[in-house]
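Colleague: predicted model, plus sequence, below.
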Amino acid sequence: MQNAHPQKKILIVTSNLKSHPYAAAKLASLLAERHRVTLAGPNGSALSRLQAEVKSYHESTTAKNKIECISIGDAAVASANIRPVVNPKEYSPLRIIANVIFNPNYNPSKLPSQYEQLMDDQVGTYETLKKIIPQYDLVYAVHSCAPTVCDAIESLQLESPTLSVPQCIIFSSLPYESSFIYKGLWKKSRYILALPHVSTYGYPVKPTRGFVRGIVAYVLYLIQLFWMWLDCHLTEKAWRLSGIRNDKRRAERGLPPVFDGARYYWRSYPVLSLGGVEPYIGHDIIAENVTVVNQINKRETGDLKRLYDWIIRARVNKIIYASFGTGTQLSDDETVNIAKLAVSLKDTKYCLLLSLQKSEQVRLRHIFDKVIGSHPTSAGSGFLEYMGGDFLIDEDVPQENLLLSNKVDVFVSHMGFGSFTEGVNGGVPFVTYPAGLDQYHNEARAIEAGVAIKANPKMEHLDITVFDALWNDSMKENCRQLASDAADFDSSQVILNMADDICNGDTSETDSWFD
């Protein structure tokens with residue numbers, strides 16, 4: 001590896017999936033330590049979020065390098081979080097098995113087809129990407145736009161063989177999923193799944209002592225293996241069907257078929273993936289083209305200025321923080337139970353902070369008013385405040401800084417990967433309530449690590465669950481230890497070295513990036 005790090009021009013492309021501009025901006029703030037970085041996203045919410053993150057970076061950093069932000073055109077509004085993956089009425093094992101055997105069109109995993117729809121919706125950005133990509137030395141494509149970016153690069157290479165086209169790194173802000181690259185890995189937990197009620201199996205049931213107990217354990221082991229195999233079978237089928245759609249789109253762009261859909265890109269390009277150490281992925285097989293790191297931390301974190309007025313005025317010291325991600329819509333029952341949690345904290349030393357988008361605040365306000373028994377004591381742009389500050393609902397919580405502030409005692413979380421890692425880094429115990437995608441997987445890993453308690457369905461009796469977490473001393477100790485272990489993994493240096501090596505044409509040290 002070369003010691004010198006000549007400055008390069010790096011392009012980071014994201015889609016308009018709600019959380020992905022945040023991940024792209026985090027990566028940009030790290031790479032900007034050495035290189036000139038441009039963040040690119042489609043018009044609308046993605047571009048607005050990128051611009052806001054870049055503005056915040058420029059205001060807080062002392063670094064000389066700046067980050068540019070550009071538009072790549074129009075794309076349809078995207079949404080994710082399949083909740084649930086299969087219809088709850090199909091949780092009957094016999095019904096699921098019957099559908100698999102007798103219904104050839106049965107496909108409970110909608111994620112692959114939704115992913116292909118997302119790629120189809122990005123057609124307005126494709127030609128723009130072809131124009132701007134040759135201006136850069138290296139391109140990162142967030143996984144939700146990777147096929148679009150990679151197709152643009154391959155098209156440029158075919159049309160102009162003498163043109164210098166930069167290498168592309170696929171950046172996955174989800175925990176590494178070896179079964180996505182290696183087909184047929186079914187004897188393991190998965191987060192790209194079809195059947196969420198079996199995906200949370202961490203590992204097969206271990207035999208126990210005693211003849212009867214041993215027989216029971218072995219039967220459970222076989223049943224578990226069957227469901228893991230069936231989940232794998234259905235997921236493989238879904239990705240195979242989506243590959244037909246991918247090849248049709250590639251044909252329209254003058255590119256040859258790849259027959260394997262999105263998996264082709266993950267196998268053919270360097271991949272930077274998060275979730276590199278326990279408890280995030282455990283003992284997965286790491287593909288040779290994949291560099292797996294822990295997470296990306298902001299190199300220069302901001303403060304809690306958006307929350308200062310509330311913290312000072314309400315004398316806030318200990319916080320129960322709840323956030324369910326940008327793609328989860330709370331039901332009425334779930335909202336009622338969150339409001340009941342707020343009421344239960346009244347006259348205690350704890351305050352409740354809920355991160356909730358402005359549109360959701362408007363939709364659910366009548367429920368909060370009814371359960372709490374009053375209108376907000378204060379309201380403003382993007383926030384509602386109840387009970388004189390004991391309960392704050394805010395649309396723009398500085399989550400990472402908050403979780404690192406030692407002010408949060410319990411994190412009620414949907415267990416998105418960003419929230420998972422930020423909570424671990426802050427040493428904060430979790431109460432988990434996943435909604436879809438990798439969140440079931442992350443919940444299982446957190447529980448296995450002894451840093452989380454699972455919320456009840458619909459978050460029934462959430463107040464009791466939260467107090468159980470507050471009084472769990474062993475869980476607090478596990479959180480402190482896990483935060484210390486996570487801090488020992490220098491993800492930032494690995495990412496910077498990977499970028500330097502690829503920019504310099506040196507990929508011989510792939511193994512050392514992870515070691």
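Modeller: Thanks, I have it. Numbering: from 1, shown residues only.
Colleague: what's the first-to-last distance across stretch 118-129?
Modeller: 16 Å (Cα to Cα, to the nearest Å).
Colleague: residues contacting it, please?
Modeller: 13, 15, 17, 40, 42, 71-76, 78, 144-145, 147-149, 151-152, 245-246, 249, 253 (Cβ atoms under 8 Å, 6 or more residues apart in numbering). No exception for glycine: its C-beta is placed from N, CA and C like everyone else's.
Colleague: in strands, which of those residues appear?
Modeller: 13, 40, 71 (DSSP state E).
Colleague: next, count neighbours for the first one.
Modeller: This points to residue 13. The number of residues packed near residue 13 is 29, by other Cβ atoms under 10 Å.
Colleague: who touches it in this structure?
Modeller: Neighbour list for residue 13: 24, 40-41, 72, 129, 139-142, 145, 149 [criterion: Cβ under 8 Å, 6+ apart].
Colleague: how about the residues you listed, which pair is most distant?
Modeller: 24 and 129 (14.5 Å; Cβ to Cβ).
Colleague: more neighbours, those two?
Modeller: Neighbour totals were compared for residue 24 and residue 129, and residue 24 leads with 29 against 25 (other Cβ under 10 Å).
Colleague: need the contact partners of stretch 226-241.
Modeller: Stretch 226-241 is touched from outside by 96-97, 100, 106-113, 179, 183-188, 190, 192-195, 198-199, 201, 260-263, with contacts defined as Cβ under 8 Å, 6+ apart.
Colleague: buried among those residues? Need that as a selection in PyMOL.
Modeller: Selection of the buried residues among the contacts of stretch 226-241 in PyMOL, burial being defined by 16 or more other Cβ atoms under 10 Å:
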select buried, resi 96+107+108+109+111+112+179+185+186+188+190+192+193+194+195+198+199+201+260+261+262+263
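Colleague: any idea which strand is longest in this structure?
Modeller: The chain, longest strand under DSSP E: strand 167-175.
Colleague: and the next helix or strand after that strand, which residues are buried?
Modeller: Using DSSP states H and E, the next helix or strand after strand 167-175 towards the C-terminus is helix 178-181. Neighbour-count burial for helix 178-181 flags 178-181 (criterion: 16+ other Cβ under 10 Å).
Colleague: with pLDDT added, can I get these in JSON lines?
Modeller: Formatted as JSON lines, the buried residues of helix 178-181 follow (pLDDT from 0 to 100):
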{"residue": "178", "pLDDT": "86"}
{"residue": "179", "pLDDT": "85"}
{"residue": "180", "pLDDT": "86"}
{"residue": "181", "pLDDT": "88"}
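Colleague: would you list the residues you listed in TSV and tack on distance to residue 498?
Modeller: Formatted as TSV, these follow (distance: Cβ to Cβ, whole Å):
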residue	distance to residue 498
178	19
179	23
180	20
181	18
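Colleague: closest to residue 379 among those?
Modeller: residue 180 (44.2 Å).
Colleague: ok, that closest one to residue 316 distance?
Modeller: 42 Å (Cβ to Cβ, to the nearest Å).
Colleague: one more: residue 266?
Modeller: Distance, residue 266 to residue 316, using Cβ to Cβ: 44 Å.
Colleague: more neighbours: those two, which one.
Modeller: More neighbours surround residue 266 than the other of residue 266 and residue 316, with 23 against 19 (other Cβ under 10 Å).
Colleague: which helix or which strand is home to the more buried one?
Modeller: With DSSP H and E as the test, residue 266 turns up in helix 263-268.
Colleague: show me the contact partners of that helix.
Modeller: 146-147, 150, 170, 180-181, 183, 239, 243, 246, 258, 260, 287, 289-290.
Colleague: if we go to 7 Å?
Modeller: When contacts are defined by Cβ atoms under 7 Å, 6 or more residues apart in numbering, helix 263-268 is touched by residues 146-147, 150, 170, 180-181, 239, 258.
Colleague: show the residue spans covered by the helices in the stretch 51-200 of the chain.
Modeller: 93-102, 111-120, 123-132, 146-159, 178-181, 196-199 (DSSP state H, counting those that start in this stretch).
Colleague: and the longest helix for this structure?
Modeller: Determined from DSSP state H, the single longest helix within the chain is helix 211-252.
Colleague: relative to the whole chain's centre, how far out is that one?
Modeller: The chain centroid and the centroid of helix 211-252 are separated by 22 Å under Cα atoms, centre = their mean, to the nearest Å.
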